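Undergrad: Any chance you can model this:
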Amino acid sequence: MKNIIDNIKKFRELKNITREHIADSLEMSLSGYSKLERGEVELTVSKLYKISEILEVDISQILNFDASQIFNVTNNQIVNGVKVNEQINNYNDIYKDKYIRKLEEEIERLKK
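TA: Residues are numbered from 1 along each chain as shown. Take a look at the predicted model:
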């Protein structure tokens, strides 16, 4: 469960969404949402669905997100003396490109 909560926080931060915004969208107090993000209260399936909608990501992305593939690939070019497969870097570039496009779309939406 800790990984799921960590992933929610990572997506929230990546998308530059505040705790306040998510708390308001969930009709929770900021304190209540902060407790959820710290793992002090139970995350229900219904809240997970609502959070995925707010973050505009699939639940599977929240459940399976591996930040190390995004943030640590360039720092870990050699694993056990063998160069990391270029496909990992390509995946990283694809994810970054998708994220940048998503941010650009959001900027355009906000300008309107």
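
Undergrad: in what helix or strand does Lys102 lie?
TA: Element membership for Lys102, per DSSP states H and E: helix 86-111.

Undergrad: How about the contacts made by Val41?
TA: Gly32, Lys35 (C-beta atoms under 8 Å, 6 or more residues apart in numbering). For glycine as for every other residue, the C-beta is placed from the backbone atoms N, C-alpha and C.

Undergrad: May I have the host helix or strand of Phe11 as PDB, with CA atoms only?
TA: Under the criterion of DSSP H and E, Phe11 resides in helix 2-14. Once non-C-alpha atoms are left out, helix 2-14 reads as follows in PDB (Å, rounded to 0.1, in the frame of the first residue of the first chain):
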ATOM      1  CA  LYS A   2       2.900   2.300   0.700                       C
ATOM      2  CA  ASN A   3       4.000   2.100  -2.900                       C
ATOM      3  CA  ILE A   4       0.600   3.100  -4.100                       C
ATOM      4  CA  ILE A   5       0.500   6.100  -1.900                       C
ATOM      5  CA  ASP A   6       4.000   7.100  -2.900                       C
ATOM      6  CA  ASN A   7       3.000   6.800  -6.500                       C
ATOM      7  CA  ILE A   8       0.000   9.000  -6.000                       C
ATOM      8  CA  LYS A   9       2.300  11.600  -4.400                       C
ATOM      9  CA  LYS A  10       4.800  11.400  -7.300                       C
ATOM     10  CA  PHE A  11       2.100  11.800  -9.900                       C
ATOM     11  CA  ARG A  12       0.600  14.700  -8.000                       C
ATOM     12  CA  GLU A  13       4.000  16.400  -7.800                       C
ATOM     13  CA  LEU A  14       4.800  15.600 -11.500                       C
END
